[in-house]
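Asker: Prediction below, plus the sequence it came from.
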Amino acid sequence: MQNLGIAITGSGSAVPATFLDNQSLTQLVETTDEWISIRTGIRQRRLAKPSETITDLATAASRQAIAMAGINPHDVDLILLATSTPDDLFGSACKIQAQLGATKAVAFDLTAACSGFVFGLVTAAQYIRTGVYQNVLLIGADILSRWVDWQDRRTCVLFGDGAGAVVIQANEKDCLLGFELRSDGTQNNCLNLACTPEPTELTQGVKVGKGNFQPITMNGKEVYRFAVQKVPEVIDKALFRANLSVEQIDWLLLHQANQRILDAVRERLNIPEHKVISNLANYGNTSAASIPLALDESVRQGKIKPSDIIATSGFGAGLTWGAAIFQWGR
C-alpha cells in the first residue's frame, strides 16, 4: 500500500560566523542594548560576509538534514527553497541542487517572506500525499542584512542571516496533523522590500525601468498588531483541523520575529512559558530561516523528542500568515 502521509525525519541549520551584538549597533544608530533587548528580545544577530551566499548556507543546512534523515542526496525528489533574498532573482534552488549532487531532484524557489517555511511545509506535503514524490528537502534561508538600511534603527536592530532545512518523507502515518494558510494583500504596504525602477531612456520615446530595490521598510506597530491578533486565530484553526486541543501541544514554535509577539501569542493561547521555543536573542529575525533554525537547534539539544507535537506559525510580508501542527519524526 502506498504511503500517503508525511514525516519530518531530519533537520539542519547553518549561520554565518560573524555576529553583531547590540552594543556594537550603538556605533551605527542612536540606540542602546537595553532599548533593543526590552522591545525585541534580541541581543545579537549573525551577518553574512560579502562572499557568503544563500546557496552556501542552504547547502550546509541541507547536508545536515539529509544526514539526519539517513538518506543520500540522490534520494531527494524535490527541493523547495523558501527565501525572499535569493543570490539570483531567477532563483537559487537549482544551484543548491547542483552543490548537493541531488541529480534526481527538481528544484524551485518559493517566496512567502517570513511565512515561507510554513507555506513550504504545506506545499511539500501535497506533493507527497498525492504520491508524486517520496523525499522532499525543504529549506528556509535568508540574508536580510543586505537589504537593511543600517541607519534606520526601526529595522536594522531586527534582522539577521541564516538557513534551516528539513527532510520530509512519505510515511504510513501522517505527521502533518493540520494546517491553515492565509494572505491579505490589502496590508502589503506594512512590510516591504520594494523594487522602485529607475526610468531609463533607451531611444527617443522609449523608456524602461532599470531594476533597483530599496531597503526594507516596516510599520512596526501595524505588524505587531497583525501578528498578535492573527497568529493565535490561525493556530486555533489548525488545531481544529488536527482535532487537537491547545493542551495537547508539546511545543509552540513561532517565527522568531520579536519576543513580545511570542509572549503575547503564548498568553492568548494560554500555553505555559516552558513550552515556547525561542532563540531569537542569538540570531534576530532570520525570516524564512527562523522556524527551521530554531527547530534544528531544539532537536539537537534533545529538547524536541520523537512524537512531540509542535504547533508552528509563520507571519510576515505579503501580508501572509499560516500555522501547521505536526509531530516530529516518524
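Answerer: Here it is on my side, so go on.
Asker: Counting neighbours, what do you get for residue 227?
Answerer: Number of residues near residue 227 (other Cβ atoms under 10 Å) recorded here: 25. For every residue, glycine as well, the C-beta is placed using N, CA and C.
Asker: residues of the host helix or strand of it that come out buried?
Answerer: Element membership of residue 227, judged by DSSP states H and E, is helix 220-242. Across helix 220-242, burial judged by 16 or more other Cβ atoms under 10 Å covers 223, 226-228, 230-232, 234-239, 242.
Asker: Mind giving me the packing neighbours of it?
Answerer: In terms of contacts (3 or more Cβ pairs under 8 Å, 6 or more residues apart in numbering; DSSP states H and E), helix 220-242 is packed against strand 176-183, helix 259-269, strand 309-316, strand 320-327.
Asker: same question for the next helix or strand after that helix, mean pLDDT?
Answerer: In the C-terminal direction, the helix or strand that comes right after helix 220-242 (DSSP H and E) is strand 251-254. Mean per-residue pLDDT for strand 251-254: 98.
Asker: can you tell me which residue is nearest the centre of this protein?
Answerer: Centroid check for the chain by Cα atoms, centre = their mean gives residue 288 as the closest residue, at 2.0 Å.
Asker: pretty sure that one contacts residue 109?
Answerer: No. Using Cβ atoms under 8 Å, residue 288 is not in contact with residue 109; the gap is 10.4 Å.
Asker: residues in contact with residue 234?
Answerer: By Cβ atoms under 8 Å, 6 or more residues apart in numbering, the contact set of residue 234 is 180, 182, 313, 321, 322, 323.
Asker: Narrow these to just the buried residues.
Answerer: 180, 182, 313, 321, 322, 323.
Asker: What is the nearest of those to residue 20?
Answerer: residue 313 (27.2 Å; Cβ to Cβ).
Asker: who are the neighbours in contact with the closest residue to the closest one other than its chain neighbours?
Answerer: Computed as Cβ to Cβ, 6 or more residues apart in numbering, the closest residue to residue 313 that is not its neighbour in sequence is residue 323, at 4.2 Å. Listed by Cβ under 8 Å, 6+ apart, the contact set of residue 323 reads 118, 179, 180, 231, 234, 235, 237, 238, 311, 312, 313.
Asker: how close does residue 323 get to residue 23?
Answerer: According to Cβ to Cβ, to the nearest Å, residue 323 stands 36 Å off from residue 23.
Asker: returning to that earlier point: save the helices and strands packed on helix 220-242 as a markdown table, and put in mean pLDDT and distance to residue 217 too.
Answerer: Putting the helices and strands packed on helix 220-242 into a markdown table (pLDDT from 0 to 100; distance: least, Cβ to Cβ, whole Å) gives the following:
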| stretch | mean pLDDT | distance to residue 217 |
| --- | --- | --- |
| strand 176-183 | 98 | 19 |
| helix 259-269 | 97 | 19 |
| strand 309-316 | 97 | 13 |
| strand 320-327 | 98 | 17 |
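Asker: Domain map for the protein?
Answerer: Domains of the chain are assigned by automatic domain parsing as 5-174, 177-187+218-327.
Asker: who wins for proximity to residue 207 among the ones you listed?
Answerer: domain 5-174 (21.2 Å).
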